[in-house]
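Q: Okay, here's the prediction I keep looking at, along with the sequence it came from:
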Amino acid sequence: MEFVKPTIEYAELWPILVVFGAACLGVVVEAFLPRERRHLTQVILAGAGLVAALVGTVIVGTGLTSLGDGAARGLIGGEGTLVIDGPTVYLWGLVLVFAIGGVALFAERRLEGGVSAFSGQAAALPGTEAERQASARGLDHTEVYPLLMFAVGGMMLFPASNDLLTMFVALEVLSLPLYLLCGLARRRRLLSQEAALKYFLLGAFSSAFFLYGVALVYGFAGSMQFAEINEAVRNDVDNEAMLLIGMGMIAVGLLFKVGAAPFQSWTPDVYQGAPTAVTAFMAACTKVAAFGAMLRLFYVAFGSDRWSWQPMMWVVAILTMLVGAVLAIVQTDVKRMLAYSSVSHTGFVLTGVLGVQASSELAEGQVSSLVAVLFYLTTYGFSVVGAFAVVTLVRDSAGEATAFPRWAGLGRRSPLVAGAFAFFLLSMAGIPLTSGFVGKWAVFTVAMSAGAWPVVLVAIVASIAAVYFYIRHIRLMFFTEPEGDVAAVTRSSPLTSVTIGVCVLATFVLGIVPGPVLDLATNAGDFIR
Amino acid sequence: MSDFPWLTLLIAAPLIGALVVAFAPSGVTKVTAVGFSLLTLALGVAVAVQYDVDGGMQLEEQHTWIEAFGVNYALGVDGLGLLMVLLTAVLVPIVLAAGWFDGDDGNTKAFFAWALALEGLSLAVFMATDVFLFYVVFEATLIPAYFLIGGFGRDGRGAAAVKFLMFQLAGGLVLLASVVGLYVVSAQQGEPSYLLSDLAGLDISTDAGRWLFAGFFIAFAVKAPLFPLHTWLADTTEKATPGTSVLLVCVLDKIGTFGMLRFCLGLFPEASQWATPLVMVLALISIVYGALVAIGQDDVLRLIGLTSLSHFGFITIGVFALSSQGGSGAILYMVNHGIGTAALFLLAGYLIRRSGTSLISQMGGLEKVTPVLAGLFLVAGLATLGLPGLSPFISEFLVLMSAFDYAWYVGAVAVSGIVLAAIYVLWMYQRVMSGPTPPGVESTPDLDRREIGAIAPLMLALVLFGFYPQPLLDVANPTIDSLMEYAGVADDEVDVPAGSDPEHADTEEGGDH
């Protein structure tokens, strides 16, 4: 047998390679640079890598050529394992933008008095002498930057994968660093480690589901490639039960990653236990990547079997919205509240996923599901990164103060920061003149166009419930008299404040003139099938 | 007309004013705020001067806003819109002047800035001719309102603000479902568009039309408010400052009845007629229930808030009677209720500032000490109960006529609202103002010049439009005529030219009081 050299489309794939390259370099830096110079080097390396990848994404995006009927642009690369089409590039851009925000939050050192929010020595048992020493010496885990870069690489690979195996590899590449990052909090380490363990165990479990599903779908279709699976589904080649069970199991894996009910139980614990900077990064980027992958899988591979998976999505979407909104009402911790709110947002995005996609069913100029979901992810990412960034600022002597009573009257002590937080909450609640409203409108519209009015009705009910806890928090910040110890806003370095500022600006601008971003998402075109 | 963007300017003036007030030094806050509100009023008058009563939708502006959604930034005024715009533009400076010290317990700047922001967004609501734009500003008005209620007023206002916002947002989200549905219907028939002019030409199936109507109506019934969605009203007016209440009840709540006319009737005439029986029942319950509950109140502000429930019932009857008297009466009622209730709220505010309590049972005998306040309070009260010679009478009369036209029993029940109104107003006046002067209040100062100056325009308007409502009717009638024509409803019988002869009407209706 002759060995054929695989062709790699470096011209289109280099943004991913830059990210992985920067991650590997980061590991080298850890090994060879003296401790005191690592932090700055790592931050610059990670930041530069992400910015370069972002520039690359823009270049790749503008250079994509139209295919066939012009509905999709791009090419299939990496010997058929990767697709670089419009939606991929758009999702890369989103992941990279939010990851840059994440790096900025990771690098923040002024809040903790000169050290980062990550533990000095993760291997030291909480409460031991070793931990105290690490803390006294001002140690700092700078491995978080390469970890973040590896996760970002996985997140870029995830929505770009064109076969189930690549998708699984990408899933693991993005997940493993996140498990580690979750356990690295400097304060409340037991909570953090518990979160990491829980996330890891459940995540591993869901990966197993995913893998089993992959095997079954392979058994059905005889191929891992999405296009060939689609072909098999269309022709109904084999035992349908195998396909359905396989599809369901893959869906379990993906729904776990986005935190949809009934696989949401890890979300509050992990969001609360993880260092807040990690939570911000994870909440935005994981969701973007996982929804990207889900869209591709269900629209491309299983697109012709829509009638089989849509009812499942209906149920999951309804359940997710209700569980998220109702449980968020009873929370007394800001991070947990935001976690449950993110669950309900997952439900809203799913409402978009089950909408109409086929261009034959759309009127001229009507938004498609893909556009709606991409736009929603954009708006949600900015508000969630911004909201968690604000949470890192609100502190008392024991670190971040996330209990509700500590936030009472914050609006009077620091009107700007509380105002920004209120603005993010209003956006998440979907109040007009914020980006959240436009996003919500878009996903509701596509669902309604697909005839999913029961889902839209539930979404409305869930939104009403959700409004309650957002408004309650605004009232707490602005109109409630503080009692006992309260938290104050700590002055941060420009890293955090600029991140918050950019998020506020994006949330505002996307609420007033969403046109350009919507056009960008529309021009991204369809998936390559 | 020239292309000068008058309407945009009208919206922008108070919004820019809000920003300027928020960042200007606190010494000039109040003067700046009143200045900007007067500038808005001047712009409103400029718009009114250019308005041609028979010209339909005018001074239109249209720019593509979100192309992907078929959304335009489109503004325009018709007779209904113009009256609401003028009402808003007149009331805001009055509220700011009357509530000069209202913001002083909290953050003064915030009070004036939020009030101006509320004005700008409300004006946009009345001028929007694109449903999406309407929805956006409709919801956006709630944010300034929330901060006005929650930040200023009496204890317990935080809870009242949350209740207010929850009701309004819930109604708004129901409306969102309909707005989304409208897009879907519009997309099924070609390129989606949200322009009122495009939507009016849509062929909406009966079922779809009724569902969409339900969404719009529920939202407006929360806003207006109508029984049983009114429970936020009394709590809000009780806890908020009187100035805030004026902005809420006299401006913001008008969006509800405004929306019923413009959107419920304007987009879904078939569904509106289909729903009329239910709406009439709700409106009648609102009239009677609101008045009965008002009689039992011990808190002046709560009482006035509940009278509005009754009044909005009247307006709704006028709207859904689907006749030209009813429609004109409803529009007139909206204006007159705005003026009369604003006067009552502001005078009650003066009263509370003097007596230090809002409880009727703890007041009394102020008549002799503060004759001017008492006199004005009586006039405002009489206007509220519809005394002939004051402007609310005419609109109430028109609405009742249309109610009798619709069905005699509807009219009969509605009339009882007038009797009950006489009870709650006069009994309140008696308990608050008359009787022996209790010791300790002899030195209560009467109204000063600022207070009288603020209230005087309202009093003048009450009397002026009481005797000469023609200008209002001239503006309102063409809107109603075109609406009736669009809805395909003709008046059943020979038309008494609406409001042509108020003096004659006096003699007929006078016996009720």
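A: Yep, it's here. Numbering: from 1, shown residues only, chains lettered A, B, ... in the order given.
Q: and for the helix or strand of chain A with the lowest mean pLDDT, what are the contacting residues?
A: Least confident helix or strand of chain A, by mean pLDDT, DSSP states H and E, is strand A:66-67 with a mean of 76. Under the contact criterion CB atoms under 8 Å, 6 or more residues apart in numbering or on different chains, strand A:66-67 has outside partners A:Ala72, A:Arg73, A:Gly74, A:Leu75, A:Gly525, A:Ile528. Placement of C-beta: from N, CA and C, glycine included.
Q: in the helix or strand harbouring A:Gly26, what counts as buried?
A: Assigned by DSSP states H and E, A:Gly26 falls within helix A:10-32. Neighbour counts over helix A:10-32 (16 or more other CB atoms under 10 Å in any protein chain shown) mark A:12-16, A:18-23, A:25-26, A:29-30 as buried.
Q: min pLDDT across those residues, which one?
A: Checking pLDDT across those, the minimum falls on A:Glu12 at 85.
Q: returning to that earlier point: make a ChimeraX selection of the buried ones in the contacts of strand A:66-67.
A: Buried members of the contacts of strand A:66-67, defined by 16+ other CB under 10 Å, are picked up in ChimeraX with:
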select /A:72,73,74,75,525,528
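Q: TSV please, covering the contacts of strand A:66-67 and showing pLDDT, distance to B:Leu226 and secondary structure.
A: Formatted as TSV, the contacts of strand A:66-67 follow (pLDDT from 0 to 100; distance: CB to CB, whole Å; DSSP: H, G, I helix; E, B strand; the rest coil):
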residue	pLDDT	distance to B:Leu226	secondary structure
A:Ala72	75	51	strand
A:Arg73	79	52	strand
A:Gly74	81	54	strand
A:Leu75	83	59	strand
A:Gly525	77	48	coil
A:Ile528	77	53	coil
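Q: Tell me which two in the contacts of strand A:66-67 are the farthest apart.
A: Maximum pairwise distance among these (CB to CB): 12.7 Å, between A:Leu75 and A:Gly525.
Q: can you list residues touching both of these two?
A: By CB under 8 Å, 6+ apart, A:Leu75 and A:Gly525 have these common neighbours: A:Asp85.
Q: hang on, isn't A:Thr267 packed against A:Val343?
A: Yes - checked against CB atoms under 8 Å, the pair A:Thr267 and A:Val343 is within contact range at 5.6 Å.
Q: shared neighbours of those two, which are they?
A: A:Gly259.
Q: just checking: which of the contacts of strand A:66-67 also lie near chain B?
A: Among those, not one lies near chain B by CB under 8 Å from any CB of the partner chain.
Q: From the contacts of strand A:66-67, pick the one nearest A:Ala372.
A: Of all these, A:Gly525 has the smallest distance to A:Ala372: 14.7 Å, by CB to CB.
Q: isn't the closest one right up against A:Asp85?
A: Yes - A:Gly525 lies in contact with A:Asp85 (CB under 8 Å); the separation is 7.0 Å.
Q: Report the rounded mean pLDDT for the top helix by length along chain A.
A: Taking DSSP state H as the criterion, chain A has its longest helix at helix A:189-221. For helix A:189-221, the mean per-residue pLDDT is 92.
Q: on that earlier part again, list the contacts of the helix holding A:Gly26.
A: Contact with helix A:10-32 is made by A:38, A:41-42, A:45-46, A:48-50, A:52-54, A:56-57, A:60, A:63, A:74-75, A:77-78, A:82, A:84, A:92, A:96, A:142-143, A:145-146, A:149-150, A:152-153, A:156-157, A:160, as judged by CB under 8 Å, 6+ apart.
Q: In the strand or helix carrying A:Arg412, which residues are buried?
A: Per DSSP H and E, A:Arg412 falls inside helix A:410-413. By 16+ other CB under 10 Å, the buried positions in helix A:410-413 come out as A:Leu410, A:Gly411, A:Arg412.
Q: what residues are up against B:Met363?
A: In this structure, B:Met363 makes contact with B:Leu351, B:Ser355, B:Thr357, B:Arg431, B:Val432, judged by CB under 8 Å, 6+ apart.
Q: Let me know how buried the second one is, in neighbour terms.
A: One way to gauge burial is a neighbour count; for B:Ser355, by other CB atoms under 10 Å in any protein chain shown, it gives 18.
Q: and the gap between the nearest residue to it once chain neighbours are set aside and B:Thr444?
A: Nearest residue to B:Ser355, sequence neighbours excluded (CB to CB, 6 or more residues apart in numbering or on different chains): B:Met363, at 5.1 Å. Remark: distance between B:Met363 and B:Thr444 (CB to CB, to the nearest Å) = 10 Å.
Q: Now the common contact residues for these two.
A: Contact with both B:Met363 and B:Thr444 is made by residues B:Ser355, according to CB under 8 Å, 6+ apart.
Q: Pull the number of nearby residues for whichever residue of the stretch 301-450 of chain B sits closest to chain A.
A: Chain A sits closest to B:Leu301 of the stretch 301-450 of chain B, with a gap of 19.0 Å, by CB to the nearest CB. Here the number of neighbours of B:Leu301 (other CB under 10 Å) works out to 26.
Q: how about it, secondary structure?
A: Three-state assignment for B:Leu301 (DSSP: H, G, I helix; E, B strand; the rest coil): helix.
Q: thinking again about what came up before, between A:Gly525 and A:Asp85, what contacts are shared?
A: Shared contacts of A:Gly525 and A:Asp85, defined by CB under 8 Å, 6+ apart, are found at A:Ala72, A:Arg73.
Q: ok, back up a step: for the least confident helix or strand of chain A, which strands pair with it and how are they oriented?
A: Sheet pairing for strand A:66-67, assigned by DSSP bridges, gives strand A:72-77 (antiparallel).
Q: Please pull up the helix or strand immediately following the strand it pairs with.
A: strand A:82-85.
Q: hmm, who's touching that following strand?
A: Counting by CB under 8 Å, 6+ apart, A:9, A:12-13, A:60, A:64, A:72-77, A:157, A:160-162, A:166, A:296, A:524-528 sit against strand A:82-85.
Q: so how far is it off the chain centroid?
A: 20 Å (CA atoms, centre = their mean, to the nearest Å).
Q: Check which helices and strands the helix or strand following that strand is in contact with.
A: Note on strand A:82-85: by DSSP H and E, the next helix or strand toward the C-terminus is helix A:86-106. Under the contact criterion of 3 or more CB pairs under 8 Å, 6 or more residues apart in numbering or on different chains; DSSP states H and E, helix A:86-106 touches helix A:10-32, helix A:35-63, strand A:72-77, helix A:144-160, helix A:276-296, helix A:369-393, helix A:494-512, helix A:515-523.
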